[in-house]
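Peer 1: Fold the stuff below for me.
(one chain, ligands or ions: 1)
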Amino acid sequence: MIFRQLFDQVSCTYSYLLASRSGGEALIIDPVLEKVDRYLQLVKELDLKLVKAVDTHLHADHITGLGALRDRTHCTTVMGEQTKADVISMRITDGDKLTIEGLALDVIYTPGHTDDSYSFVSSDRVFTGDTLLIRGTGRTDFQNGNPRQQYESIFGRLLKLPAATLVYPAHDYKGDTVSTIGEERAFNPRLQVTSVEQYVELMNNLRLANPKMMDVAVPANMKVGLAQEEIARRGWALSAGEACALVGNPATALIDLRERPERERHGIIPGSLHVPYPTLQENISAGGMLNELARSTGKRLVFYCAFGERSAMAVQAAQDAGLASACHIQVGVDAWKKAGGPLER
Ligand SMILES: [Fe+2]
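Peer 2: Below you'll find the predicted structure:
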């Protein structure tokens, strides 16, 4: 496995680049906006293709790199289903797998620091965000934080992992880079409590100042801006209601860009083709399946995904490839459901 721990010295944030092989797909966890050039340089140097950018939670101390990475690599942006961040194109939940080529991370919902905090487990290591830090835990006094939930997340979930599991947090202010579950259970001062009440008491009396960046970072991270706004301005968007009328229309090819677990959980628009977003480019290039379909049959390509973000990027890519009929369903299956559109399981 290719694994890089990257540090932002301003916010003391750790970001992690993961891939299974040189030349393959990569994902990044908790990227920082100011470091995006550095990440992309490293991705290039290691001959990787960045396909997913993930935040463990909505950060209050730095501006996320998710929007910039999306704009520059067209990667899928991922967070938990509870998040209020607009930039997210794929939402995950407890029990899901966060996958790229050759790698599948277990997704664990670990609320408490915020109500959208997640941890990711990859065989011998866990990325804990701000839920569990090295000799500390993330504060629980804003962004719907909750010390009781955090206790459950740590004691009920993270500390149940094997003791040798490596702990990679989203921050460290002392210069520590990695720990283990066993080490934290034994030596983390916040975890030396005998009851949930004692933990709640401890967390409620920390009296910390707000992060310097909080008033800037939280609103900025909630509203990064959507890819689909520009696509709508260009006239390449259909409302879910308009798209409903196209089901069964032989002049239309509906194309689902989501991953298999999303299709299984939320259902599929009847008659649609499945072209997972990471395989889009090969499908729309000359000789690719969608390119051939559009050119030989004249069918209109109508892309869709979960929330309309991957499909908006797909429309732009298809238009760039000369497929002038390409459009998408704005706000995706989320809007489709609200419009009462049919879904098959
Ligand atoms: Fe945080």
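Peer 1: middle-most residue in this structure, spatially?
Peer 2: Val78 (1.1 Å; Cα atoms, centre = their mean).
Peer 1: Now do the contacts for the closest residue to that one other than its chain neighbours.
Peer 2: Distance criterion Cβ to Cβ, 6 or more residues apart in numbering; nearest residue to Val78, sequence neighbours excluded, is Val54 at 4.4 Å. In this view, the C-beta of every residue, glycine as well, is placed from N, C-alpha and C. Counting by Cβ atoms under 8 Å, 6 or more residues apart in numbering, Val54 touches Leu27, Ile28, Ile29, Asp30, Thr77, Val78, Met79, Leu98, Phe120.
Peer 1: Tell me the pLDDT of Val54.
Peer 2: Val54 is assigned a pLDDT of 98 by the prediction.
Peer 1: Which single one of the contacts of Val54 is nearest to Leu343?
Peer 2: Nearest to Leu343 out of the contacts of Val54 is Val78 (Cβ to Cβ; 22.3 Å).
Peer 1: dump the residue contacts of the closest one.
Peer 2: Applying Cβ under 8 Å, 6+ apart to Val78 gives the contacts Lys52, Ala53, Val54, Asp55, Ile88, Ser89, Met90, Arg91, Ile92, Leu98.
Peer 1: Could you rerun that using 6 Å?
Peer 2: Lys52, Val54, Met90 (Cβ atoms under 6 Å, 6 or more residues apart in numbering).
Peer 1: Dump those into a markdown table; add secondary structure as well.
Peer 2: What follows is the contacts of Val78, written out as a markdown table (DSSP: H, G, I helix; E, B strand; the rest coil):
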| residue | secondary structure |
| --- | --- |
| Lys52 | strand |
| Val54 | strand |
| Met90 | strand |
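Peer 1: quick one: which of the residues you listed is nearest to Val315?
Peer 2: Closest approach to Val315 among those (Cβ to Cβ): Met90, at 17.1 Å.
Peer 1: wait, the closest one sits on Thr76?
Peer 2: Yes: in this structure Met90 lies within contact range of Thr76 using Cβ atoms under 6 Å: 5.2 Å.
Peer 1: Pick out whichever of the two has more residues nearby.
Peer 2: Shown here are Met90 and Thr76; by other Cβ atoms under 10 Å, Thr76 has more neighbours (29 against 23).
Peer 1: quick one: the more buried one from Glu25, how far?
Peer 2: 11 Å (Cβ to Cβ, to the nearest Å).
Peer 1: and if you look at Ala253?
Peer 2: Ala253 is 26 Å from Glu25, where distance means Cβ to Cβ.
Peer 1: Tell me the one of the contacts of Val78 nearest Ala217?
Peer 2: The shortest approach to Ala217 among the contacts of Val78 belongs to Val54, at 17.4 Å (Cβ to Cβ).
Peer 1: which non-adjacent residue is nearest His74?
Peer 2: Counting by Cβ to Cβ, 6+ apart, Met313 is the residue found nearest to His74 once chain neighbours are left out, at 4.9 Å.
Peer 1: Double-check that the one you found belongs to a helix.
Peer 2: Yes: counting by three-state DSSP, Met313 is part of a helix.
Peer 1: Next, count neighbours for it.
Peer 2: 25.
Peer 1: now Glu197
Peer 2: A count of nearby residues for Glu197, using other Cβ under 10 Å, gives 12.
Peer 1: Now for Tyr151: which residues touch it?
Peer 2: Residues near Tyr151 by Cβ under 6 Å, 6+ apart: Val196, Tyr199.
Peer 1: how about it, phi and psi?
Peer 2: Main-chain torsions, Tyr151, degrees, to the nearest 10: phi -60, psi -50.
Peer 1: Give me the pLDDT value at it.
Peer 2: Confidence at Tyr151, expressed as pLDDT, is 98.
Peer 1: Renumber starting at 18 from here on
Peer 2: Right, with 18 as the first residue, what we last looked at is Tyr168.
Peer 1: From Ala85, how far out is it?
Peer 2: 35 Å.
Peer 1: got the end-to-end distance for stretch 353-362?
Peer 2: Using Cα to Cα, to the nearest Å, one end of stretch 353-362 lies 15 Å from the other.
Peer 1: What's the mean pLDDT across the strand or helix carrying Thr94?
Peer 2: Secondary structure assignment for Thr94, by DSSP states H and E: strand 93-97. Strand 93-97 carries an average pLDDT of 97.
Peer 1: and it, which strands flank it?
Peer 2: Using DSSP bridges, strand 93-97 pairs in its sheet with strand 66-71 (parallel), strand 107-109 (parallel).
Peer 1: Point out the most buried one among these.
Peer 2: Using mean count of other Cβ atoms under 10 Å, the stretch among those with the largest mean neighbour count is strand 66-71, at a mean of 24.
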